[in-house]
Every structure is written in structure tokens, then in C-alpha cells.
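A.B. asks: requesting a structural model of the entry that follows:
(one chain, ligands or ions: 1)
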Amino acid sequence: MICLTLMESSIELNLMVVERNRHLIDMAELRLDMLINPLEVDPCTVKLEFQLPLIITYRKKIDGGKYEGTESYRGDILYSYAKCGFDFIDLEIGSVFPEVEETALRKGTRIIRSYHNFKEVPDNLDTIIREISSKSGEIPKAAVYCSSSKEVFKFFKVFEKTKDIKDKIVLGMGEFGFPSRILYKQLGSIISYCSSSGNSGAPGQLTPGDMKNLYRVDEINNSTSVYGIIGNPVMHSHSPQLHNKAYKRAAINAVYLPFLVDDIGYFLNLAAFLNVKGFSVTVPYKVDILNFLGEQSPEIEKIKSCNTVCRKGRVWKGYNTDLDGFLMPLLSKIKTAGLKNGGLKIGSIKKGAVIGAGGAARAVITALQSLNIEITIFNRSESRGAKLAAETGVSFFPLNRIDLLSDFDIIVQTTTVGMVPEVDSTPLPEYKFRKNQIAYDIIYTPLETRFLKNAKSAGSVTIGGMAMLKTQGIRQFEIFTDRQFPSEEQKGSS
Ligand code: ATR
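C.D. replies: Predicted coordinates:
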């Protein structure tokens, strides 16, 4: 069940949030500690007005809420609500309100007994859950903070030990814990919480729209194939949008989610545990992941970097779709621009300048070499530029030699300069592009960088990084699923 946590300061505002999200959620949690006056509206009227299952929660500061008053006042307010017979009432471990509990039981209200830990996943978490559930009728809830890949693996393992407890609520807080909110049913949790503005309810929380439409959490079952992307940071990634929408269009029972990772080994343990079928790899793991592959596709030998990993029998096989991702938009641009300008053909691109000398530059160089283009690297640091040039058999000049650039048919920008928020920066502020030069920037935020704007105003042909991102993702989809990427028009039924 998808539960929307209501964090507004009045009943009226919370009701408006419910109305906006009613079609996306199964229930809501009314956080009394967020209200300016919890008795502003008669609790029995609240029950009537919301018209959906509600959890009543009055959270103390120490448990992650806002309430800082006395326990007797908190008990009085909870009792006023308990008398109206809501579906659930959330009481923390250690909260002792006999009158509230008796009333709740009499009214048929289920008590959720919650445990919070904002520091770590405790070793005895399974015992804590078991002890709560042994108290007749109470639903144990554990919300614990996962601060690393190791912790999130431990968190998922704990719940293997409590599989027999049918009614429970568990969630891993923080960005490392994010997968627990999507795969909550795998953890045996009956509820996953979200909030109307994402992160405001608890760290790592999603919006109802993302839960229902993007990740389709309520459709996930034992047959759902799990895919994802690993990186650090990773939560900003566009890949979940591309893959999840494609699964929906192609009616594939699969989900794709971001995994924040600080240790690849622990992530792979988690991946085995969750039966992850494949994953994308982003910064900073494209090289480190090579140490964990049992098999590599041929292009990895050349670029020594991997952005796609797929399970093949007992091993992980690595691929690199950045090459195709880079080349296909270039080839299609040449085709369309060539129609307007007869001189622009793939064979007429003879000399290429690559700005930068990192992992992305290496992939771009390999791609351009496959088109027999002669490459020169321009890089700020001479040692790094010269090293990559020697390794890839190309020439090198320092970045300040912009006097040489007009000689090149294509200039590819592979550094991070110009990326959001530094949108007015370019590694070539002084360079004047010439007409019909091709300017390719692999940055995709913003869609048009300062580098591309300068090129465009000089009449150059420009290509932005979004096309590359999309194309490499489409190739990943095909590797993961062995299916053709569904066109935008295709409508899925799942
Ligand atoms: P990636 O693997 O994504 O390519 P990287 O390995 O960190 O990332 O490489 C970043 C590239 O951007 C490098 O070529 C770097 O130049 P240096 O080798 O001189 O560090 C380049 N870069 C980063 N910031 C830059 C800046 N302000 N001006 C020019 N080049 C810059």
C-alpha cells in the first residue's frame, strides 16, 4: 500500500494535499506533530472528511517528529483521536498510553508500534521486530537509517529473518536506503511511505506520482525483474525515467531504480540477494567495476571502462554502450546536416579535437577512431593529456592552444566545464568557432551549454549530450531485456 505522509500545518491544507493525490495513494498518515493545533478540527470530523484509511501519528522530536511537549498532553490528544476509531494509530516503542491503546483496541484500530534509529541498522533489528509482533495485534514498524552500501545490505538481510511475520512495516531511511522504499514488498513490508514534495517527509522519500507512475511500486511482485543504476551521487540520474517508461510501454514486468553505492562489493552482495538482472554504471565506478566482471564484451578491452553490467549465468558481464551512444547521434546529425549542406559527409570528417582527458574522453576517442578520424587531445593538465594521448596513439596539445582548433572538422567537449550550475563556463571561452565545424558536447544538463551556444552563433553544427544519454540508455535496455526499445507511441498494458 502506498501511504502519503501529511506534513502540512493545518487539516485544511492536508486535505488539499490528499485531494491532489487521492488517485495515486491507498492511505495517508496524519502527522499531528506538524499541525499548529491538532484539535483545530474535531477528530471525528477529520475521519469523515478524509475518506480514506488514516494512520494517526504524533511524533516526538527524539523519534524524528516535531513534538516537544509533555507526554500527558500528547496522550490526551492521541486519546481524542483514538475515540473516533481511525484505521491505524502509530505509537513508538516506549510510549505508554494505556487508555489510548485500550480505546484503539475497542474501536478496531490497529496499533503500529514503531522503532526509529537515525544512526544505524542495529544488529538485533530482527529481534526488535519479533518482540513487537509477539504483542498480540500490533504491527511492528522499523525505520532505520542506512549510511552505506554495507548497511543497506545488512538491512535487507535482516528482513530475511522476519519473513514469517506477515504484517510489518520496514523502511531504510536516507539515500542508501532508497531501494527499500521501492522494493518494500520484497522486504515483507505492507506499506511504503511517500510525501507530496518528495524528500520532506523523511530522507530518501518519494512523491506519490513517482511511486505510482514511475516505479509502479504496487505492481512489483515476485516475478518482477530488478534493474538499476549504481553511482555516487546517483539520485539525480535520468536513467530511471528512460528505463521504467520503456518497461511500461513494452509491457515488461521490470523496475529500474537508483542504488547509491560507496562499496561495489557490498552492492554486488545486495544485487545477488535481490536477484538484480542488470545495472548501469556511472561516475565514479566505470573503471572500478571492471575488477568485478566475469566476462567482458570486446569494446571494453579498448576503452577500459564499463557502463552496463548484465547477469550471464553465474557471472556479471560488462558492456559499454557509451560508444554507440556517442556515435549514433553524430551519424544521424551528419546525415540530416549533410542533406542541407552537401559538403558534410562522414568521410569528410578527417580531424577531430577532443577537449579533456578523463574516462569520457577515452570513450570518445575510441568511438572517433572507429570512423578513422585523426584525433588530437586538448587538455588543461599536460601530464594527464599526454598520458592518454600516448595510450590511445593520438596527438596532444595543452588547452590554451586554441589557435590550432579551427583546423579541426569536429570538436568534442568531454570535461565537466559548463555543467549545471556553472552554465556560463566553457573550457574554450576565447575560441571562435568556424562555420560548419561540428561542436559536440557530452554534457546534458543544461541541454545547450555555453560551448554549444558559442558554436551555434558561429554557424557550426551542434550536438548536445542528451541524445547520447538517450542512445546509450536505449542500448542498455536492449542488452538487459533482449528486446527492441519500444517507440514513444507504443502503449504498454502492464
Ligand atoms: P570523466 O571520467 O567523466 O571524463 P574526469 O576523469 O574527472 O571525468 O575528467 C575530467 C576532465 O575534465 C579532465 O580532462 C579535466 O582536466 P584535468 O586533467 O586538467 O584535470 C577536465 N576539467 C575539469 N575541470 C576543468 C576546468 N575547469 N578547465 C579545464 N578542464 C577541466
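A.B. asks: so which bits of this structure are right by the ligand?
C.D. replies: Counting by CB under 6 Å from any ligand atom, the residues of the chain lying close to the ligand are 283, 356-361, 379-381, 384, 399, 414-417, 427. For every residue, glycine as well, the C-beta is placed using N, CA and C.
A.B. asks: what do you get if the cut-off is 5 Å, keeping everything else the same?
C.D. replies: The chain comes close to the ligand at residues 356-360, 379-381, 384, 415, 417, 427, as judged by CB under 5 Å from any ligand atom.
A.B. asks: which of those residues sits closest to the ligand?
C.D. replies: Each of the residues of the chain next to the ligand was scored against the ligand by CB to the nearest ligand atom, and Gly358 proved nearest at 2.2 Å.
A.B. asks: of the residues of the chain next to the ligand, keep whichever come out buried.
C.D. replies: Buried subset of the residues of the chain next to the ligand (neighbour count, 16 or more other CB atoms under 10 Å): 356-357, 359-360, 379, 384, 415, 417, 427.
A.B. asks: turn these into JSON lines, columns for pLDDT.
C.D. replies: Below are those laid out as JSON lines (pLDDT from 0 to 100):
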{"residue": "Gly356", "pLDDT": "97"}
{"residue": "Ala357", "pLDDT": "96"}
{"residue": "Gly359", "pLDDT": "86"}
{"residue": "Ala360", "pLDDT": "89"}
{"residue": "Asn379", "pLDDT": "98"}
{"residue": "Arg384", "pLDDT": "97"}
{"residue": "Thr415", "pLDDT": "96"}
{"residue": "Val417", "pLDDT": "97"}
{"residue": "Pro427", "pLDDT": "98"}
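A.B. asks: in a helix, Ala271, correct?
C.D. replies: Yes. Assessed by DSSP: H, G, I helix; E, B strand; the rest coil, Ala271 belongs to a helix.
A.B. asks: hmm, it is touching Gly278, no?
C.D. replies: No. Counting by CB atoms under 8 Å, Ala271 does not reach Gly278; the two are 9.3 Å apart.
A.B. asks: put the alpha carbons of the helix or strand of the chain with the lowest mean pLDDT into CSV.
C.D. replies: Sorted by mean pLDDT, DSSP states H and E, the helices and strands of the chain end with helix 322-340, the least confident at a mean of 86. Extracted in CSV, the C-alpha atoms of helix 322-340 (Å, rounded to 0.1, in the frame of the first residue of the first chain):
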residue,chain,number,x,y,z
ASP,A,322,28.7,4.9,-24.4
LEU,A,323,30.4,4.2,-27.8
ASP,A,324,27.2,3.6,-29.6
GLY,A,325,25.6,6.4,-27.5
PHE,A,326,28.2,8.8,-28.7
LEU,A,327,28.3,7.7,-32.4
MET,A,328,24.7,7.3,-33.3
PRO,A,329,23.7,11.0,-32.7
LEU,A,330,26.8,12.1,-34.6
LEU,A,331,26.0,9.9,-37.6
SER,A,332,22.3,10.9,-37.7
LYS,A,333,23.3,14.6,-37.4
ILE,A,334,25.8,14.3,-40.2
LYS,A,335,23.0,12.7,-42.3
THR,A,336,20.5,15.5,-41.6
ALA,A,337,23.0,18.3,-41.7
GLY,A,338,24.6,16.8,-44.9
LEU,A,339,21.3,17.0,-46.7
LYS,A,340,21.2,20.7,-46.2
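A.B. asks: next SSE downstream of it?
C.D. replies: Following helix 322-340 in sequence order, the next helix or strand is strand 351-355 (DSSP states H and E).
A.B. asks: partners of that next one in the sheet?
C.D. replies: Looking at strand 351-355 with DSSP bridges, its partner strands are strand 374-379 (parallel), strand 410-413 (parallel).
A.B. asks: in the longest one, what's buried?
C.D. replies: Taking 16+ other CB under 10 Å as the neighbour-count basis, strand 374-379 is seen to contain the buried residues 375-379.
A.B. asks: which SSE is immediately downstream of it?
C.D. replies: helix 382-392.
A.B. asks: what's in contact with that following helix?
C.D. replies: Outside of helix 382-392, the residues within contact range by CB atoms under 8 Å, 6 or more residues apart in numbering are 357, 361-362, 365-366, 369, 375, 377-379, 395-398.
A.B. asks: may I have the secondary structure class of the most centrally placed residue in the chain?
C.D. replies: Taking CA atoms, centre = their mean, the centroid of the chain lies closest to Pro258, which sits 3.4 Å from it. Of the three states, Pro258 takes strand under three-state DSSP.
A.B. asks: run through the residues that contact it.
C.D. replies: 178, 228-229, 231, 234-235, 237, 239-240 are the contacts of Pro258 under CB under 8 Å, 6+ apart.
A.B. asks: closest one to Ile349 out of the residues you listed, please.
C.D. replies: Using CB to CB, Ser239 comes nearest to Ile349 of the contacts of Pro258, at 29.6 Å.
A.B. asks: distance of the closest one relative to Leu214?
C.D. replies: Per CB to CB, to the nearest Å, Ser239 is found 12 Å from Leu214.
A.B. asks: contacts for the least confident helix or strand of the chain?
C.D. replies: For helix 322-340, using CB under 8 Å, 6+ apart, the contacting residues are 299, 303, 305, 307, 344-346, 349, 360, 363-364, 366-367, 370-371, 410, 438, 440, 442, 461, 463, 467-473, 475.
A.B. asks: now, which of those lie within strands?
C.D. replies: Judged by DSSP state E, strands contain the following of the contacts of helix 322-340: 410, 438, 440, 461, 463.
A.B. asks: by neighbours, which of those residues wins?
C.D. replies: Using other CB atoms under 10 Å as the neighbour test, the ones in strands among the contacts of helix 322-340 are led by Tyr440, with 29 neighbours.
A.B. asks: isn't it up against Val412?
C.D. replies: Yes. Applying CB under 8 Å, one finds Tyr440 in contact with Val412, separated by 4.6 Å.
A.B. asks: picking that back up, in the buried residues of strand 374-379, find the pair that's most separated.
C.D. replies: Ile375 and Asn379 (12.3 Å).
A.B. asks: of Ser239 and Leu214, which one has the most company?
C.D. replies: Using other CB under 10 Å as the criterion, Ser239 and Leu214 rank with Ser239 on top: 23 against 19.
A.B. asks: for that one, give me its contacts.
C.D. replies: 229, 256, 258, 280, 473, 476.
A.B. asks: now the third one, nearest residue through space, not along the chain?
C.D. replies: To tie it back to what came earlier, the one meant is Pro258. In space, and not counting its chain neighbours, Pro258 is closest to Val234: 4.6 Å by CB to CB, 6 or more residues apart in numbering.
A.B. asks: and that neighbour, how far from the ligand?
C.D. replies: 14 Å (CB to the nearest ligand atom, to the nearest Å).
A.B. asks: now do Val217
C.D. replies: 32 Å.
A.B. asks: walk me through the domains of this structure.
C.D. replies: According to automatic domain parsing, the chain comprises the domains 2-221, 223-320, 324-463.
A.B. asks: want to throw these into a markdown table with distance to Gln484?
C.D. replies: Below are those laid out as a markdown table (distance: least, CB to CB, whole Å):
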| stretch | distance to Gln484 |
| --- | --- |
| domain 2-221 | 21 |
| domain 223-320 | 8 |
| domain 324-463 | 14 |
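A.B. asks: with respect to Asp482, which of those domains lies nearest?
C.D. replies: So among those, domain 223-320 is nearest, using CB to CB, at 9.7 Å.
A.B. asks: now the end-to-end length of the closest one.
C.D. replies: Start and end residues of domain 223-320 are separated by 27 Å (CA to CA, to the nearest Å).
A.B. asks: sorry, back to before: what would the buried ones among the residues of the chain next to the ligand look like in CSV with distance to Tyr81?
C.D. replies: CSV is the format used below for those (distance: CB to CB, whole Å):
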residue, distance to Tyr81
Gly356, 60
Ala357, 63
Gly359, 56
Ala360, 56
Asn379, 64
Arg384, 63
Thr415, 57
Val417, 56
Pro427, 60
